[in-house]
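Engineer: The following block contains a protein sequence and its predicted model.
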Amino acid sequence: MGKERITLEILGREGLARTGRFHTPHGVVMTPNIMPVINPNIRTLSMDQMKKAGTTCLITNSYIIRRNADLREKALKDGLHSLIGFDGPIMTDSGTFQSYVYGDVEFQNRDTVEFQLSVGSDISTILDIFSTPDDSRDKAADAVRVTAERFHEVEDLAETNDLSGPIQGSIYPELREESARIMSSSGASYLPIGGVVPLLEQYRYAELVDIIMSAKLNSNFSKPIHLFGGGHPMFMGMAVLLGVDMFDSASYVKYAKDGRMLYPEGTRDLKDIMELPYWSPLRDRYTAEELRREGEEKRKSLLAEHNLYAIFMEISEIRERIHEQTLWQYVESRARSHPSLFNAFKRILEYSGKMQDYLELYRKPPFMGFDNLSMKSPYAERLKSLEIRPDSVDASYYYSQGTGMSKKFLDEYYENSDNNYHFTWGELEIPVEMEESYPVQQAIMDGFPSIRVQRPTLINSGHARNFNLEKIRFLADFQFGKNSGKALFPDDSQITVSRSTGRIRTVSLEGKILATMRVHDGYLALTMEGGERIRKSSPEMKNRVMVTKESAEFNSQGKSVFFNFIKECDPGIIPYNDVLVVDPDDVLVAVGRPLVSGKEMMQYRKGVAVSINHHLKP
Ligand code: GUN
């Protein structure tokens, strides 16, 4: 058996953000996570202290090890893990950063990688070209090209080893896109975004948003994304929201040297503070004053300990936020801690459209509307894709948050006309048929200006139609594509509603249930009968996940679909929106809930892609 390879198994998600289990030859770590930087020459903290703070993986520099005869010999003889005194995953960097800071380094690319492999690094890094934010476009393009060539030089080593292929390209989005595509299609199994340290140091977060988005949207989602040098807690939440899985951080020591303390929202000078924060590991041993009076070396080590806690506290909060799907809201509120972050948050909103492909049909918590910026989030923006016809009539007057459209409106107008009606959320116009579905019903909008228009002139043409039938057809069109509503629900469908709330529960045809309306998000869940009607009416791969014959047999008995058994799928699949699981002959074997988008589905190799709700066989 060959060496175990790294893989990222996705557990939870919120848009581009994800939590996962990162499998490595030296164990499994949770993502997002941070690799503290260890300088093998200078140990500021003991390994015990580092582990206690939350360290589960590390990064160190192979260049420093190789240049020092003692370290080199020990690493070659006993291995990197023994040298460092850590048995978890260790990534090594190449000396690129040193060559950026000090000029040239004395080693070549291939021998740099071979050295890392020979000491047993879990992830080895090529000698990439660090492009700075000040580089001209030509110089940055050169860095991308040479970095690609350097990876190509070691492509054979990537067949049996995990190599990291840095994405360069300075501040030029199109170069970052190109670099991400090159590295994604290479043998690199790990993708750090490089050349960003100066931007981080200068708080140029909006440009970082462009860089991360260009890299992420053009990378293979099965390969973890790392932000080189991005270990200040201030920007981590935002980076994770855009799809970053891993950070490294030398900042815990760097800041400690300067007497500076990290906090989730920024940095404070030890000389200025009155108290240590409640969460600080130093708090039961020191007052701020005592810390100031400590000797320099001791104080540095103590501050490094504090700083390491600060970054792990933040990454743990970020993971929890993704688990409960409130990271967006967290980043939205934290953006107010610095104008540069706020500016970057506004930049993120410009990507709301591009993020649509990765957005879940719903999130567990309610949608929170604070102001017009909230209405630009991808979760609100998705509502814009719903067709509002130019002649749609504003019926906001008849809509009330919590109770939906009034009975008077439905009886007197909606059901007796062919008009399209909508209500408004600030600047957003929402078709009335969406009143029960995420995020409309599941929203907290206290005090948000829902524009109350004058009582509109509504048109009653005496044409009878049924609001509930129109509603489920509208939802079907939204969930499964245009004209799905009519195909799924014929005129003689029977709709049952809850006696207490009046909300739709099931839709049947000739005594067979076609779909139910999910209580938690107000969207449709298909049965096998409903799924078959959608299959017949959808062209080619639309709404489908096609699996191998062997998998189809398992799935037809209700077992989950695993990524590695998928042959093909609809790239338009929305996470958590029901899909049809079909065999290679397009026979429907199950319907279920996809855990990732169609764009991602063909990229992952490990884990569950679709959990089954209904299946063909007993
Ligand atoms: N450390 C910080 N930035 C970089 C980078 O761009 N490349 C490498 N290899 N290491 C880094």
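Structural biologist: Looks like it came in fine. Keep in mind that what you see is a predicted model, and the values were worked out from it rather than measured.
Engineer: Of all the residues in stretch 532-543, which ones are buried?
Structural biologist: Residues 532, 533, 534, 535, 537, 538, 541, 542, 543 are the ones in stretch 532-543 that count as buried (16 or more other CB atoms under 10 Å). Every residue, glycine included, has its C-beta placed from N, CA and C.
Engineer: Can you classify residue 612 as helix, strand or coil?
Structural biologist: strand (DSSP: H, G, I helix; E, B strand; the rest coil).
Engineer: Once you drop chain neighbours, what's closest to it?
Structural biologist: Leaving aside its sequence neighbours, residue 612 sits nearest to residue 592 (CB to CB, 6 or more residues apart in numbering; 4.1 Å).
Engineer: which residues touch that neighbour?
Structural biologist: Neighbour list for residue 592: 560, 561, 578, 579, 581, 610, 611, 612, 613, 614 [criterion: CB atoms under 8 Å, 6 or more residues apart in numbering].
Engineer: rerun that using 10 Å as the cut-off
Structural biologist: Contact partners of residue 592, counting by CB atoms under 10 Å, 6 or more residues apart in numbering, are 525-526, 531, 545, 555, 558, 560-561, 578-581, 608-615.
Engineer: Please list only the buried members of these.
Structural biologist: 525-526, 531, 545, 555, 558, 560-561, 578-581, 608-610, 612-615.
Engineer: measure the closest residue to residue 259 other than its chain neighbours to residue 282 for me?
Structural biologist: Among residues not flanking residue 259 along the chain, residue 270 sits closest, at 4.6 Å (CB to CB, 6+ apart). Distance of residue 270 to residue 282, computed by CB to CB, to the nearest Å: 11 Å.
Engineer: Overlap in contacts, the two.
Structural biologist: Both residue 270 and residue 282 are in contact with 261, 276, 288, 291, 302, 303, 306, where contact means CB under 10 Å, 6+ apart.
Engineer: With pLDDT as extra columns, can I get these in JSON lines?
Structural biologist: As requested, the shared contacts of residue 270 and residue 282 are exported to JSON lines (pLDDT from 0 to 100):
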{"residue": "261", "pLDDT": "98"}
{"residue": "276", "pLDDT": "97"}
{"residue": "288", "pLDDT": "97"}
{"residue": "291", "pLDDT": "98"}
{"residue": "302", "pLDDT": "98"}
{"residue": "303", "pLDDT": "98"}
{"residue": "306", "pLDDT": "98"}
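Engineer: Skipping its backbone neighbours, what lies nearest the closest residue to the ligand within the stretch 401-550 of the chain in space?
Structural biologist: Residue nearest to the ligand within the stretch 401-550 of the chain (CB to the nearest ligand atom): residue 545, separated by 37.6 Å. Nearest residue to residue 545, sequence neighbours excluded (CB to CB, 6+ apart): residue 569, at 4.6 Å.
Engineer: Check residue 571 too.
Structural biologist: Closest residue to residue 571 apart from its sequence neighbours, by CB to CB, 6+ apart: residue 598 at 4.2 Å.
Engineer: can you check residue 227 too?
Structural biologist: With CB to CB, 6+ apart, the residue lying closest to residue 227 is residue 244, at 4.9 Å.
Engineer: three-state assignment of that neighbour?
Structural biologist: Following three-state DSSP, the label given to residue 244 is coil.
Engineer: got the residues of the stretch 201-350 of the chain near the ligand?
Structural biologist: 228, 229 (CB under 6 Å from any ligand atom).
Engineer: mind checking the backbone torsions on the residue nearest to residue 545?
Structural biologist: Reported as degrees, to the nearest 10, the phi and psi values for residue 569 are phi -150, psi 170.
Engineer: wait, residue 597 sits on residue 217?
Structural biologist: No. Using CB atoms under 10 Å, residue 597 is not in contact with residue 217; the gap is 11.9 Å.
Engineer: follow-up on the earlier one: give the contact list for the residue of the stretch 401-550 of the chain closest to the ligand.
Structural biologist: 551, 555, 561, 565-570, 573, 579-582, 590, 592, 594, 598, 601, 609-610.
Engineer: do residue 464 as well
Structural biologist: Residue 464 sits next to 415, 416, 417 when contact means CB under 10 Å, 6+ apart.
Engineer: could you dump the residues you listed to a markdown table with distance to the ligand and neighbour count?
Structural biologist: What follows is the contacts of residue 464, written out as a markdown table (distance: CB to the nearest ligand atom, whole Å; neighbours: other CB atoms under 10 Å):
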| residue | distance to the ligand | neighbour count |
| --- | --- | --- |
| 415 | 62 | 16 |
| 416 | 65 | 17 |
| 417 | 62 | 18 |
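Engineer: Show me the contact partners of the helix or strand where residue 73 lies.
Structural biologist: Assessed by DSSP states H and E, residue 73 sits inside helix 69-78. The contact list for helix 69-78, computed with CB under 10 Å, 6+ apart, reads 40-41, 60, 62, 64-66, 68, 80-84, 92, 115-116, 118-121.
Engineer: count of neighbours near the closest residue to the ligand within the stretch 201-350 of the chain?
Structural biologist: Nearest residue of the stretch 201-350 of the chain to the ligand: residue 228, at 3.6 Å (CB to the nearest ligand atom). Neighbours of residue 228 under the rule other CB atoms under 10 Å: 25.
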